[in-house]
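1. compute the structure for the input listed below.
(one chain, ligands or ions: 1)
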Amino acid sequence: MNLTPLPASFAVAPWRLSGVVYGALVNHAPQLAALGEAVHAAPYKAPPAHPVLQVRPRHTLCGPDSVVAVPAAVEVGASLGIVIGRTACRVSVDDAPGVIAGYAVVAELGLPLDSHYRPAVRFKARDGFTVVGPVVPASEVDDPDALALQVLVAGVLRHTGHTGQRVRGVAELIATVTEFMTLQPGDLLLLGADTPAPLACAGDAVAVGIEALGTLSFSLCEERVVPASVDECPATDGTDLTPRGAVARVAYAGAVHVAKPHPHGLQLADGRVLAEDQVQWLPPFEVGTILALGLNYADHLKELSKELTVSAKDEPLVFLKGPGALLGHRGVTRRPAGVQFMHYECELAVVIGRTARHVAAKDAMAHVAGYTVCNDYAIRDYLENWYRPNLRVKNRDGATVLGPWFVPAADVPDPHALALRTRVNGQLVQQGSTANMVNTIPALIEYLSSFMTLQAGDVILTGTPEGVVNVNEGDEVVCEIDGIGRQVNTIVGDGMFGR
Ligand code: CA
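-> Just a heads-up that it's a prediction; the model follows:
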């Protein structure tokens with residue numbers, strides 16, 4: 001690949017990011033060394049073989065001089081933020097520096113953890129817990145893997161470290177991450193913090209410095225729980241999420257259109273009627289943060305109980321996905337050569353329509369705009385026991401299918417009484433009912449909004465029932481939910497992707 005230099009104007013973008021933040025975890029070499037033989041014992045069973053990553057969604061982002069509300073003492077991790085400047089898909093280590101626009105000081109806040117196996121997302125995915133400093137152009141940083149860093153809390157130096165003490169340095173991290181997920185210009189990849197990180201409390205002023213990048217200052221205050229009434233919550237942030245009847249977004253004849261169902265396929269807003277296979281189907285709404293539930297069906301829980309250490313009494317198992325994973329109806333999903341077990345997961349996707357923070361279950365459904373069908377593919381071969389399920393299993397390019405239709409909540413009398421099923425090449429392989437969810441939609445909204453602000457366009461993938469089996473190249477996978485839609489996807493091999 002021959003990369004020309006980036007235009008200077010890009011490299012001095014303001015702190016507000018246009019993209020998504022992906023953080024590397026357990027990337028501090030002394031941290032892994034300190035775990036010693038424990039990395040080979042349960043629950044980990046082996047040291048991480050690939051980068052351990054987590055999405056830090058939009059509600060966690062804030063800038064310099066912010067005041068971040070905390071429920072208790074938080075760890076303050078000093079992390080190098082790598083600002084991506086060009087689309088990065090399967091980039092080699094040698095080419096990796098060419099996709100970097102710049103760097104930023106990032107403070108990764110988190111509640112202290114005692115395990116890296118499967119911590120609840122509420123430890124890190126809280127409002128304001130990713131503090132991002134100004135972007136410094138890459139040309140001003142000689143060696144990003146050789147920068148001193150420090151953390152001051154209330155004016156006292158509490159931590160010193162070095163960006164070089166990483167399991168994977170900057171270029172290797174970019175290469176190993178982009179092997180399965182594409183990074184876009186404006187995305188931010190965090191190199192990860194030293195562990196243990198120093199603690200700070202409400203009332204503290206915090207300063208995180210990285211050599212050549214400067215110092216990022218912010219402060220902490222006490223989190224107050226003030227339940228908001230539904231009427232006070234702003235509705236849709238510009239996106240019309242309350243249409244009458246089902247709608248889709250499709251590309252046709254060089255433009256993106258809104259479409260509605262028609263007996264012959266679909267009808268564009270301008271009146272044209274088209275067959276399903278005449279258009280490119282896009283995810284049916286502008287997708288914000290993607291929250292996915294693991295093990296949220298009683299039957300699926302039972303099916304997997306042998307390998308699990310969880311029970312239905314535990315808090316919901318939630319993980320986060322990035323937008324690059326999304327694909328529309330009638331798309332193709334890649335099955336890498338050599339894997340043994342890739343499976344679909346048919347799920348009811350719940351789309352948030354208005355801001356939700358500290359919402360009680362009884363008020364929760366007023367925050368739901370509508371629903372769509374999701375097929376949340378997984379490749380079990382890649383499962384590791386660090387921040388499970390890891391993104392290499394669950395956040396692959398084009399492996400989270402949404403659509404075809406966004407169905408308004410008003411058209412779905414009871415979302416907890418919907419039959420769902422999956423057919424592979426016409427054969428019924430999975431069926432269930434949303435009545436068997438362990439955590440219902442109101443319970444999930446109450447839980448999530450207790451530590452994060454849900455916003456219009458955010459989507460909750462509510463889990464899948466039993467019956468997941470392997471799919472192969474050439475298979476047609478159809479996920480259906482009664483009253484919501486019928487979604488088609490085809491599994492393809494590596495050949496279609498060129499490399
Ligand atoms: Ca799932």
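2. ranges for the helices of this structure?
-> 8-11, 29-35, 170-177, 298-303, 361-364, 391-394, 441-449 (DSSP state H).
3. for those, could you give me TSV that also reports mean pLDDT and distance to the ion?
-> Backbone N, C-alpha and C define where each C-beta goes, glycine included. Shown next, in TSV, are the helices of the chain (pLDDT from 0 to 100; distance: least, Cβ to the ion, whole Å):
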stretch	mean pLDDT	distance to the ion
helix 8-11	37	36
helix 29-35	93	29
helix 170-177	98	21
helix 298-303	72	9
helix 361-364	96	21
helix 391-394	95	8
helix 441-449	98	13
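4. let me have those helices in CSV, extended by distance to F319.
-> Shown next, in CSV, are the helices of the chain (distance: least, Cβ to Cβ, whole Å):
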stretch, distance to F319
helix 8-11, 31
helix 29-35, 21
helix 170-177, 16
helix 298-303, 15
helix 361-364, 21
helix 391-394, 7
helix 441-449, 12
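5. does M437 touch A417 like I think?
-> No. M437 lies out of contact with A417 (Cβ atoms under 8 Å); the separation is 10.9 Å.
6. ok, these two, which is more surrounded?
-> M437 (21 against 12; other Cβ atoms under 10 Å).
7. what residues does the closest residue to that one other than its chain neighbours make contact with?
-> The spatial neighbour of M437 that comes closest, neighbours along the chain excluded (Cβ to Cβ, 6 or more residues apart in numbering), is N296 at 5.5 Å. Counting by Cβ atoms under 8 Å, 6 or more residues apart in numbering, N296 touches P316, L317, M437, V438, N439, T462, G463, T464.
8. who wins for neighbours among these?
-> T464 (30 neighbours).
9. ok, and the closest non-adjacent residue to it?
-> Nearest to T464 is E345, by Cβ to Cβ, 6+ apart, at 3.6 Å.
10. neighbours around whichever residue of the stretch 251-400 of the chain sits closest to the ion, how many?
-> The ion sits closest to D376 of the stretch 251-400 of the chain, with a gap of 3.7 Å, by Cβ to the ion. For D376, the count of nearby residues is 26 (other Cβ under 10 Å).
11. cool, and V131?
-> The burial count for V131: 26, using other Cβ under 10 Å.
12. and if you look at the one 5 residues further on?
-> Neighbours of V136 under the rule other Cβ under 10 Å: 21.
13. now do the contacts for it.
-> So V136 contacts G102, Y103, A104, A212, L213, G214 (Cβ under 8 Å, 6+ apart).
14. nearest to the ion among those?
-> Checking the contacts of V136 one by one against the ion (Cβ to the ion), the nearest turns out to be A104, at 32.1 Å.
15. quote the end-to-end distance of stretch 46-64.
-> 38 Å (Cα to Cα, to the nearest Å).
16. chain center to that stretch: distance?
-> Stretch 46-64 sits 9 Å away from the centroid of its parent chain (Cα atoms, centre = their mean, to the nearest Å).
17. so how far is the ion from V141?
-> Separation of V141 from the ion (Cβ to the ion, to the nearest Å) stands at 39 Å.
18. check contacts around that residue.
-> G102, Y103, L147, A212, L213.
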